[in-house]
Every structure is written in C-alpha cells, then in structure tokens.
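Asker: Sequence plus the predicted model coming up.
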Amino acid sequence: MQNAAISTTFHTLVMQPTSLCNLDCSYCYLPDRKRRALMSTPVAAACAASVWQQASPYPVDVVWHGGEPTTTPIEHFRALLKPFETLRSSNLVEFGIQSNGTLIDQRWCDLFKEYGFDVGISVDGPPWANRDRVNWRGAETFAQTRRGIERLQTAGIDFTVICVVTPSTIGHAEELVDFFSAIGCSSVGFNIEEEEGAGRPGVEESTAYEFWRALLRHREAGSVLRIRELDRLNDFLATRTRSGEDRRPFDPIPTIAHNGDTVLLSPELLGIKDVKYADFLAGNVLRMSLPRMIAESSRLAYVLEFEEALSKCAAGCDFYSFCGGAQAGNRYFEHGSLEIAETAYCRNTRQSLVRAAADHITERMAI
C-alpha cells in the first residue's frame, strides 16, 4: 500500500558511485567516507531499468553524490553512465553531480560537457569561511577547489554552489554574496549548519532571520546573484498566485549505495545504522525495483512516521504550504525519530526566511 503523502514516482535519483571522500569536513557526519567502495555496473543498470519501469512523464534527475564522486576512477564512472545512455538520449534522464571540486581536471570537464551534466560545487566562501573543509591531513582545501572552479570556467561549464553556513560565518552574509558573485556561479544555495554537524551547537533562529534579512537587502541593492532559497520563495508565491494549488506529494528521493542498498526520503540516511529503523533500507535495487520499493514503502517504520509527521505539519503549521514538511534527515538527526513535526531546519531555513521576507516587504511598503 502506498503512502498518500509520498509520490508514487521519483523525480530525483541519487547515486553513490563511491563511498570515499578525499575531504574530512569538520561538520560531516556521514559514515564510510574513508572507504573506497565502488558502485558496480549491474547496480547502475538496475537503476536505469527502474527509471524505464516507472515511465515518468518528466525527466528524472540522476544526481551523482558521495562520498566525493570524482574520487571514482573516471573510466569506471563512464561505465556507470552507460546503462543510462538510451534514457539520456531520449530526454528521460538528466545528469547532475555534487562535488567539492578539488579533483576536477580536464578529463572531468570533458565528461561533464559530453553528458550535459549540471555541476554543483560545495564551497563555503572565501578561505576564511572555508576552513571546515579540510583533507584527511587537516590541511585547508580552498586552493584546490578554486582551481577546479577555474577549470570549469575555462571549459565554459556553468556551475552552481552549495555553501554550508556555520555559526562563525552566518554573520557575514554580504561578504559571502560578494564572494559567490565574484566566482561566477549561476546560483548559490545556503545550507545553514544543523546541530548534528561536528557535535557543536547549531545556529540560533534569530541569527538565521538576520541572515535572510541581509540577503534580501543585498538583492534589493542590485545584486544579481541567484540565491536558491529566495528563488524558491519567489517561485512559490508566483505559483500560488496563479493557481492556488497545494503542494504535490513528497518526492521519495531513492538513494542508491555502491552495493545497491537503497534508502528513501533523504540521502543523508544512507549508511546510517539504526536498529529501530532497520538501517533505513527499503531494499536492494539488484533484487527489487525502485517502483516496487516505493509502492511497498508503507511497511517501513520510518516512512510511516514521516507521513504521520507530515500530517501534523499540514494540520498545525502556518508555514506548511511553503515548507512541505521538514526533511526526513533533519528530523532523524535532530531528534532520533521521524515523528517530530518541527525541527531547527524548519525554523532556520523556512520559517525565518518567510518572516524575513514578510518584514522586508512590510518595511518597503511603509516608506
């Protein structure tokens, strides 16, 4: 039986070509990132078959994540892409990759252009803001990431950025925007660090509110940098104005480990060990198709809890129509359970943003 709150089809498929990461970011809590375990081509082929099976009317975003995906030997990576080629040439899948950029060279640039990759780079700002991104020897890695960005630019490849905003950088919104405007990214998304990162306190809600207010002021002053969160809010308001439609069901976001093990709802749950939730595994794609896993997802305790929490959000939260409910990973890592409705992620990334935008508009109208 399928959960009503969760879509019967997936629009995003996250693939882990390897568990290895060449960095040891201080806020990263993901397991197995020191181990080079490579995805097999049968796993990739089974994922491609699942895309065919679900017959989605929309292209599926196949996002290669990690670990650090560019630690995968490039010829092996090409072999993983091959099962998707007919899908890609039929415009049924689109490739994306999220990378720290440190290993990008001409070979990777050639591959990105050949397969039409959307490239995302993870960098937290200028050197003083990027100090949490270190290698396994503890050395800072900004110079290597900057070199990778320059190689993308030389090759004429557009890229987006994901920036983790930490307690030490959140008070520097203007400097971050200036930096990302200068490096030429097409857009930046700001992920406010949460409590699970590095075992240190997260960002206060009032501080997050001031961060969004600063970004809104910067945009009003003429900044043309696209900011993911501001664009999402603008798109939501425009859509609601035109149609008044409610949010569509939650994307199950199947995430596939190198060995075919699959989790739903949040890539961050992959590899997490938890007796209560049976390690979050929905199945293995070598033995069960993704559409079948999704159709049978109501048997999973964490999926049931997540659906119940979404119902609580819908019934009791004024921000639900925009937020759609906190991400599953945030619920689990903050509370050890998916039953909790509100999280720090809700307050800092959704509620504070909406309040900041409302107050900004109110002040502009009063002038």
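Answerer: On my side now, so go ahead.

Asker: secondary structure element for the nearest residue to Gln106 once chain neighbours are set aside?
Answerer: Distances taken as CB to CB, 6 or more residues apart in numbering put Arg151 closest to Gln106, at 6.8 Å, once the chain neighbours are dropped. C-beta: built from backbone N, CA, C; applies to glycine. Under the criterion of DSSP states H and E, Arg151 resides in helix 142-154.

Asker: try Cys163
Answerer: With DSSP H and E as criterion, Cys163 is part of strand 159-165.

Asker: So which residues of the stretch 101-250 of the chain form helices?
Answerer: Using DSSP state H, counting those that start in this stretch, the helices of the stretch 101-250 of the chain run over 106-115, 142-154, 173-183, 205-220, 228-243.

Asker: For the shortest one, what is the distance to the chain centroid?
Answerer: Offset of helix 106-115 from its chain centre (CA atoms, centre = their mean, to the nearest Å): 22 Å.

Asker: by contact count, what packs against the strand holding Cys163?
Answerer: Packing partners of strand 159-165 (3 or more CB pairs under 8 Å, 6 or more residues apart in numbering; DSSP states H and E): strand 118-122, helix 173-183, strand 188-192.

Asker: Those into a markdown table, with extra columns for distance to Asp158?
Answerer: Listed next are the helices and strands packed on strand 159-165 as a markdown table, based on distance: least, CB to CB, whole Å:
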| stretch | distance to Asp158 |
| --- | --- |
| strand 118-122 | 7 |
| helix 173-183 | 12 |
| strand 188-192 | 13 |
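
Asker: Leu286: which of the helices of the stretch 101-250 of the chain is closest?
Answerer: Proximity to Leu286, assessed across these by CB to CB, is greatest for helix 106-115 (24.0 Å).

Asker: which parts of that closest one are buried?
Answerer: Neighbour-count burial for helix 106-115, counted by 16 or more other CB atoms under 10 Å, picks out 108-109, 111-112.

Asker: about what we covered before: so which of the helices and strands packed on strand 159-165 gets nearest Arg219?
Answerer: Taking the helices and strands packed on strand 159-165 one by one with CB to CB, helix 173-183 is closest: 8.5 Å.

Asker: how far is that closest one from where the chain is centred?
Answerer: Per CA atoms, centre = their mean, the centroid offset for helix 173-183 relative to its chain is 21 Å.

Asker: Check stretch 74-85 too.
Answerer: 22 Å.
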